[in-house]
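Peer 1: Could you look at this predicted model? Sequence included:
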Amino acid sequence: MPRYMLLTKYDVDSIGAGPMSEWDPDDITAHLEFLRALNQELIDNGELVDMQALTGPELAKIVTFDGQGSPVVTDGPYTEVKEVLAGYQLVDVESEARAIEIAARVSAAPGPGGVPLRNRIEVRQLMGPPPGGDV
Amino acid sequence: MTSTARIEDLLRELAPQVLGAVVRRYGDFDAAEDAVQEALLAAAMHWPAEGLPDNPRGWLIQTAVRRLTDQYRSDQARRRREESAALRELPGAEPAQRDDALVLLFMCCHPALTPASSIALTLRAVAGLSTAEIATAFLVPEATMAQRISRAKQKIKASGIPFRMPAPQEFEARLRSVLHVLYLLFNEGYTSSAGTDLHRTDLSGEAIRLTRAMHAMLPERSEVTGLLALMLNDARRPARTGAHGELIPLAEQDRTRWNRPAIAEGVRLAATAMSGGVVGEYQLQAAIAALHDGAERAEDTDWPQILGLYGLLARLSGNPIVELNRAVAAAMVHGPRAGLDLLAPLDKRLPGHYRLDAVRGHLLDMIGDTEAAAAHYRAAAARTTSEPERQYLVTKAAKLNQHNR
């Protein structure tokens, strides 16, 4: 079955929900419970391969290197980047349609006041082995 | 003392027969499977030291049934279940033991299940692989695979599929369903051979083993023979990839690296399958594969006959991918322009499909239109979901670009 990476992009400005640390604690609980239940459902369906949340951009480092001397390492956050990769789910599903269906659920995870966050979920298929038969 | 390896082989062979026998008697697939697992474990522990019992299959069935009745005895619904079990044990209705494994396969590949669930359940219940082994083979966590298998079993239970040979009027459809699942399983293994993980179960090997067993049970069914013949082309595997997993097209393969005995068996079976009455898709594909196998060098390939077979296959299956292969064969017989002509109607049927671009690139390359060929190879590379294939197509485009500069 095809595998898809569902990348959750978090854009503070466009969503207007503000950083989670400023939410009502009950809203945080509801948000995390929603994702926990969704992931459990994916496990029960036999669809979840992996899921991870990433540390915030405050801990990010950007590394560039030209192969000589020492690499250039810069600390985050980067004010010029508004969209942050918050985490991902790796799913093994019947079809792209199913991956999109799951992505839609993730996007509608509740934010402050239970209002769906409408995070942008990027759906990317993983590269697989060669197709059957000879080329 | 019996060697552990021999006992393992014997247990894997007997497992589906034993499970089939227990399910037939008690109906409860889930509980029967647990009980059979325990019986197999007990055998693996005792037999190496104590030697094989006189009737290993009987020993396993008896042990599993004992576990199952122990289980039922501690169960509230014991009486009801024992009664229904007793009803199922009709005197004299004991079918031959080989049928149990076959009925089990029909059950696991039931059309009510998705192909992915059927594959998982077949590997577990018929091939006797552990859930961990299946999970590793499909690169998913064990918990995920365990759920997939458990849901498949629940679905069988809920749909009330009886444990018996399909009725004559539904036999053909059910047989197609089993063959399709085995074919998909084979392709899973065939395509993942480029992987470097030595611990991955050899899925195409499992598919061949299961199809071989099915062929032994249904020797008169030429589609089963054809499928087995087709699968034996796994023998080309050593030549299909280079040292770093890169794809090597059929025309450039070092044919001395093919597994000759398996190829010979495949060719022989393909001939048998073609002479056995109504010819279906698997027989035709096997026959085409046999023609490739028969060519000592790529240039010796009997393309006119392959073209004819693709024509039959296209009419039978209506599959546009078959049309692509037919276009390649037509190009080899009548020249690349004839092939390109056959591709034209496929733009509507396979819009944006990378293989259409890949084949078009190949045929344009044959004509000498290297610029257009490179563009199609690039388009194909952008849309394939296969990593080795992307590398192959990108390299093709890059070589043509270099040539064009």
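Peer 2: All right, it came through fine.
Peer 1: Tell me the pLDDT of B:P91.
Peer 2: What the model reports as pLDDT for B:P91 is 38.
Peer 1: typo on my end, it should be A:G16
Peer 2: On the pLDDT scale, A:G16 gets 71.
Peer 1: Which single residue in chain A comes nearest to chain B?
Peer 2: A:G46 (3.1 Å; C-beta to the nearest C-beta). No exception for glycine: its C-beta is placed from N, CA and C like everyone else's.
Peer 1: Is that residue in a helix, a strand, or coil?
Peer 2: coil (DSSP: H, G, I helix; E, B strand; the rest coil).
Peer 1: And the residue nearest to it when sequence neighbours are not counted, which helix or strand is it part of?
Peer 2: Distances taken as C-beta to C-beta, 6 or more residues apart in numbering or on different chains place B:R148 nearest to A:G46, at 3.1 Å, with adjacent residues excluded. For B:R148, the host element (DSSP states H and E) is helix B:142-159.
Peer 1: Point out the other helices and strands that that helix packs with.
Peer 2: In terms of contacts (3 or more C-beta pairs under 8 Å, 6 or more residues apart in numbering or on different chains; DSSP states H and E), helix B:142-159 is packed against helix A:25-44, helix B:29-50, helix B:115-125, helix B:131-137.
Peer 1: Show the pLDDT at the residue nearest to A:G46.
Peer 2: 91.
Peer 1: any chance you could map the strands in the stretch 101-250 of chain B?
Peer 2: Listed in chain order, the stretch 101-250 of chain B contains no strands at all (DSSP state E, counting those that start in this stretch).
Peer 1: nope, chain A is what I was after
Peer 2: Secondary structure of chain A (DSSP state E): strands at A:3-11, A:48-53, A:61-64, A:72-75, A:83-92, A:120-125.
Peer 1: isn't B:V322 right next to B:L312, touching?
Peer 2: No. Using C-beta atoms under 8 Å, B:V322 is not in contact with B:L312, being 9.9 Å away.
Peer 1: Who has more neighbours out of those two?
Peer 2: Ranked by neighbour count (other C-beta atoms under 10 Å in any protein chain shown), B:V322 and B:L312 place B:V322 first, with 20 against 17.
Peer 1: Identify the residues contacting that one.
Peer 2: B:310, B:313-314 (C-beta atoms under 8 Å, 6 or more residues apart in numbering or on different chains).
Peer 1: so the residue nearest to A:G46 makes contact with B:A116?
Peer 2: Yes. With contact defined as C-beta under 8 Å, B:R148 reaches B:A116; the gap is 6.9 Å.
Peer 1: ok, the two, which is more surrounded?
Peer 2: B:R148 (27 against 20).
Peer 1: Just want the residue of the stretch 251-400 of chain B that's nearest chain A.
Peer 2: Taking C-beta to the nearest C-beta, the stretch 251-400 of chain B has B:E387 as its residue nearest chain A, at 3.9 Å.
Peer 1: what's the closest non-adjacent residue to that residue?
Peer 2: Nearest to B:E387 is A:M127, by C-beta to C-beta, 6+ apart, at 3.9 Å.
Peer 1: any idea how far the one you found lies from A:G69?
Peer 2: 33 Å (C-beta to C-beta, to the nearest Å).
Peer 1: And those two? Which one has more around it.
Peer 2: Neighbour totals were compared for A:M127 and A:G69, and A:M127 leads with 14 against 7 (other C-beta under 10 Å).
Peer 1: list the contacts for that one?
Peer 2: B:385-387, B:390.
Peer 1: got it, and B:P261?
Peer 2: Contacts of B:P261 by C-beta under 8 Å, 6+ apart are B:A235.
Peer 1: hmm, back to that, so which of the strands of chain A comes closest to B:R164?
Peer 2: The minimum distance between B:R164 and those falls on strand A:83-92, with 33.1 Å, by C-beta to C-beta.
Peer 1: okay, the angle between that closest one and helix B:115-125?
Peer 2: Relative orientation of strand A:83-92 versus helix B:115-125 (axes from the mean of the first three to the mean of the last three C-alpha atoms, to 10 degrees): 50 degrees.
Peer 1: ok, the nearest residue to A:G114 once chain neighbours are set aside to A:I43 distance?
Peer 2: Once flanking residues are discounted, A:G114 sits nearest to A:A30: 6.5 Å by C-beta to C-beta, 6+ apart. The spacing between A:A30 and A:I43, counted by C-beta to C-beta, is 21 Å.
Peer 1: can I assume the residue of chain A closest to chain B is in contact with B:K153?
Peer 2: No. A:G46 lies out of contact with B:K153 (C-beta under 8 Å); the separation is 11.9 Å.
Peer 1: So for these two, which sits in the more crowded spot?
Peer 2: Higher neighbour count among A:G46 and B:K153: A:G46, with 25 against 19, using other C-beta under 10 Å.
Peer 1: Report the separation between the more buried one and B:A44.
Peer 2: 28 Å.
Peer 1: what does B:R6 give?
Peer 2: Counting by C-beta to C-beta - B:R6 and B:A44 are separated by 12 Å.
Peer 1: sorry, back to before: mind listing what the residue of chain A closest to chain B touches?
Peer 2: Taking C-beta under 8 Å, 6+ apart, one finds A:92, B:117, B:120, B:140, B:144-149, B:151 in contact with A:G46.
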